[in-house]
Each structure stands twice: as C-alpha cells, then as structure tokens.
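# I'd like to go over a predicted model; first the sequence, then the structure.
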Amino acid sequence: MDFNELVRRRYSCRAYKPDTVEDDMVRSILEAGRLAPTDRNDQPVRVIAVRSKEGLAKLEEAGHIYDAPLAFIVCSDRSKAWTRSYDGMKTTDIDASIVTTQMMYEATDMGLGTLWVCMFKPDVIRRNFGLDDDMIPVNILAVGYRDDQTSKNHGVRIPMDDFVRYT
Ligand SMILES: Cc1cc2nc3c(=O)[nH]c(=O)nc-3n(C[C@H](O)[C@H](O)[C@H](O)COP(=O)(O)O)c2cc1C
C-alpha cells in the first residue's frame, strides 16, 4: 500500500473480533519492529508478544486493550539506550516508539486494526511479565481484526499552519 494511504487508513481501533492473528502476520509485525532504527544502533528494545489467554488476562490487569486477541509490550532497556551528554536525555522511549510505529504500520498494511496504549500500570506489567529493573515497558500495541469502522479522533488534526513553522 502507498505510504500516504497507509497513514490515512490507520486509526485507533477499540473493538476487535476474537479471531486469532495468524503466526505469519505476527512474525511480519515483529520483523518490522526488529528492523527499526535505534540511536547508535544500540538496539535496546525488546518485545513481549502476548496472545495466550493467560497472558492477555495478565495484561488486562495493567491496562485496557479492548479485548484485542494480540498485544505487544514494547520495552526498552535503559542501561543499553544511548544518553545525550549535553542534558542526560536517554533515547529509551524514542527507540521503543519507533519500533512500535513500524509494527503498527505493518499491521495496518496487512488489514489489521491497532491501538497504541500508554495508559497502563508499569508496575503490574513489570510484576506480571517478570521484567528486570532496567527494562522499561514503554508502549503496548494492541492488534487484531477490526470490529469497528473508525475512531472519533480519526482525521481530527490541527491545521498545517499550526503544525509547521517555516523560517
Ligand atoms: C503515545 C500514545 C499513547 C496512547 N495511549 C492510548 C491509551 O492508553 N488508550 C487509548 O485508548 N488510546 C491511546 N492512544 C490513542 C490516541 O488516543 C489516538 O491515537 C488519538 O486520539 C488519535 O486518534 P486516531 O489514532 O484514531 O487517529 C495513544 C496514542 C499514542 C500515540
């Protein structure tokens, strides 16, 4: 699919069919994430693919994923992420978010619905999925076959003149 069309087609899906997402699709989504760029190529991002009933129940304790049959917990190891010396900024979240974005668009390209979720309890994710102290759960990406049409915010964006300033 043309990239601009893909960008327009994606929206936040908050209703999913219970159908399982096939293994080859799961692999394609993960591959799109694995190939993402990271700062200095440090590759601090790790993904937990959640698709068992037990795993999804453990995930739901931490945050709402609208009964999606598949979710990726995108984590980033802060001990591996690059640090900007000028102000100490770490690329932990940035690296994880590029991975998440690539996975989201790969899923969209295959006709699946997605929802990016940050509203979750990190301590519950940490406990339920056994994360080390340095491993930060940054994003959850819920994925599945859509059972809706669009989201209320889809297409609601600030005008280009507000978005950009040329100088
Ligand atoms: C970083 C980020 C975090 C988000 N977290 C949540 C969330 O926790 N729960 C939720 O329902 N939607 C979440 N969303 C989805 C946004 O609400 C949605 O992208 C926005 O309203 C625009 O709508 P659209 O994606 O349909 O175009 C998140 C999106 C982003 C990019």
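Happy to help now that I have it.
# Next SSE downstream of the longest helix along the chain?
Longest helix in the chain, counting residues (DSSP state H): helix 92-109. Later in the chain than helix 92-109, the nearest helix or strand by DSSP states H and E is strand 113-117.
# roughly how far is that next one from the heart of the chain?
Computed by CA atoms, centre = their mean, to the nearest Å, the separation of strand 113-117 from the middle of its chain amounts to 7 Å.
# what do you get for stretch 137-149?
Averaged C-alpha coordinates place stretch 137-149 at 8 Å from its chain's average position (CA atoms, centre = their mean).
# just stretch 131-142 next, same as before
Relative to its parent chain, stretch 131-142 has a centroid offset of 11 Å by CA atoms, centre = their mean.
# just stretch 40-56 next, same as before
On CA atoms, centre = their mean, the centre of stretch 40-56 falls 10 Å from that of its chain.
# quick one: the longest helix of the chain to strand 113-117, angle?
Following axes from the mean of the first three to the mean of the last three CA atoms, to 10 degrees, one obtains 170 degrees for the angle between helix 92-109 and strand 113-117.
# CA atoms of helix 92-109 as CSV?
Provided in CSV are the C-alpha atoms of helix 92-109 (Å, rounded to 0.1, in the frame of the first residue of the first chain):
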residue,chain,number,x,y,z
THR,A,92,14.7,4.7,25.8
ASP,A,93,11.3,6.0,24.9
ILE,A,94,12.2,7.2,21.4
ASP,A,95,13.7,3.9,20.3
ALA,A,96,10.7,1.9,21.7
SER,A,97,8.3,4.3,19.9
ILE,A,98,9.9,3.9,16.5
VAL,A,99,9.7,0.2,16.9
THR,A,100,6.1,0.5,17.9
THR,A,101,5.3,2.8,15.0
GLN,A,102,6.8,0.4,12.5
MET,A,103,4.9,-2.5,13.9
MET,A,104,1.7,-0.5,13.9
TYR,A,105,2.0,0.3,10.2
GLU,A,106,3.0,-3.2,9.2
ALA,A,107,-0.2,-4.5,11.0
THR,A,108,-2.2,-1.7,9.3
ASP,A,109,-0.8,-2.7,5.9
